[in-house]
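# after the sequence you'll find the predicted model.
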Amino acid sequence: MVRLQLVGRMIMPLFMWQVGLIHRPIFYISAYFDARRDEYLDRLFAVSRDDDWTGWCAFFLEAVRVQAEDNLARATSIMRLYEEMKVRLPELTRSPQVIGVLDFIFQSPVFSKSDFVRRVGVSESAGRRLLRVLSDDGIVGEVEAAAGTRPGIYAFDDLLDVAGGE
């Protein structure tokens, strides 16, 4: 039963994407079901036990509505954060690569120092300076210190918090 539930949760966004209801198959409906697990299971069992497709469809459509509102709120918050950082980072870094830095941390909110340097296109010393400035200002935090040949790992926590719903 659990496997069928998981398959259904994966298939529904793919189906919605295929028929043009959503632009990309990134609709995360499981959060709604997880938060209402008892009702979710009751509705599933009611379909097989009582043939209550109407109740299931109403529950499912409410999940779609709630998750769509949540996705819109998150997307709006992410865009707001991007706009805030677009003003803040140039003042903070005084770097000509600031847009590359901004785009990189939004595309890869958890990253290694070496990936940062390579993808932003700066020298090792410039990358180190930029990361120090971003870290000192609390924009990124070091998740894992460099050790031996392994580079340090950093995270853009504000974006992770917004994306995770915190």
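Okay, I see it.
# from Val140, how far off is Asp157?
Remark: distance between Asp157 and Val140 (Cβ to Cβ, to the nearest Å) = 8 Å. C-betas here are computed from N, CA, C, even on glycine.
# now do Ala155
6 Å.
# and for Ala46?
Ala46 is 48 Å from Val140, by Cβ to Cβ.
# quick one, which of these two is more surrounded?
Per other Cβ atoms under 10 Å, whichever of Ala46 and Val140 has more neighbours is Val140, with 25 against 16.
# could you check the pLDDT of that one?
pLDDT recorded at Val140 is 96.
# paired strands for the stretch of helix or strand Glu142 belongs to, with orientation please.
Take DSSP states H and E as the rule and Glu142 turns out to sit in strand 141-144. Strand 141-144 has the following strand partners under DSSP bridges: strand 153-155 (antiparallel).
# after the lowest-mean-pLDDT helix or strand in the chain comes which helix or strand?
One helix or strand of the chain scores below all others by mean pLDDT, DSSP states H and E: helix 2-18, with a mean of 60. Using DSSP H and E, the helix or strand that follows helix 2-18 in sequence is helix 30-35.
# that following helix - contacts with which helices or strands?
helix 53-93 (3 or more Cβ pairs under 8 Å, 6 or more residues apart in numbering; DSSP states H and E).
# mean confidence (pLDDT) on the helix it packs on, please.
92.
# right, and the helix or strand after that helix?
Immediately after helix 53-93, counting by DSSP H and E, sits helix 98-107.
# which helix or which strand is home to Val122?
Per DSSP H and E, there is no helix or strand for Val122.
# next, the contact list for it, please.
95, 97, 100, 130 (Cβ atoms under 8 Å, 6 or more residues apart in numbering).
# orientation of the strand or helix carrying the last one relative to helix 53-93 in degrees?
Under DSSP H and E, the secondary-structure element containing Leu130 is helix 124-136. Angle between the axes of helix 124-136 and helix 53-93 is 120 degrees (criterion: axes from the mean of the first three to the mean of the last three Cα atoms, to 10 degrees).
# I figured Arg43 hits Trp56, correct?
Yes: contact between Arg43 and Trp56 holds when scored by Cβ atoms under 8 Å: they sit 4.9 Å apart.
# rewinding a little: chain center to the strand holding Glu142, what's the gap?
18 Å (Cα atoms, centre = their mean, to the nearest Å).
# mind exporting the C-alpha coordinates of it to PDB?
Output in PDB follows, covering the C-alpha atoms of strand 141-144 (Å, rounded to 0.1, in the frame of the first residue of the first chain):
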ATOM      1  CA  GLY A 141      27.600  29.900   6.400                       C
ATOM      2  CA  GLU A 142      30.300  27.200   6.500                       C
ATOM      3  CA  VAL A 143      28.500  23.900   6.800                       C
ATOM      4  CA  GLU A 144      31.700  21.800   6.700                       C
END
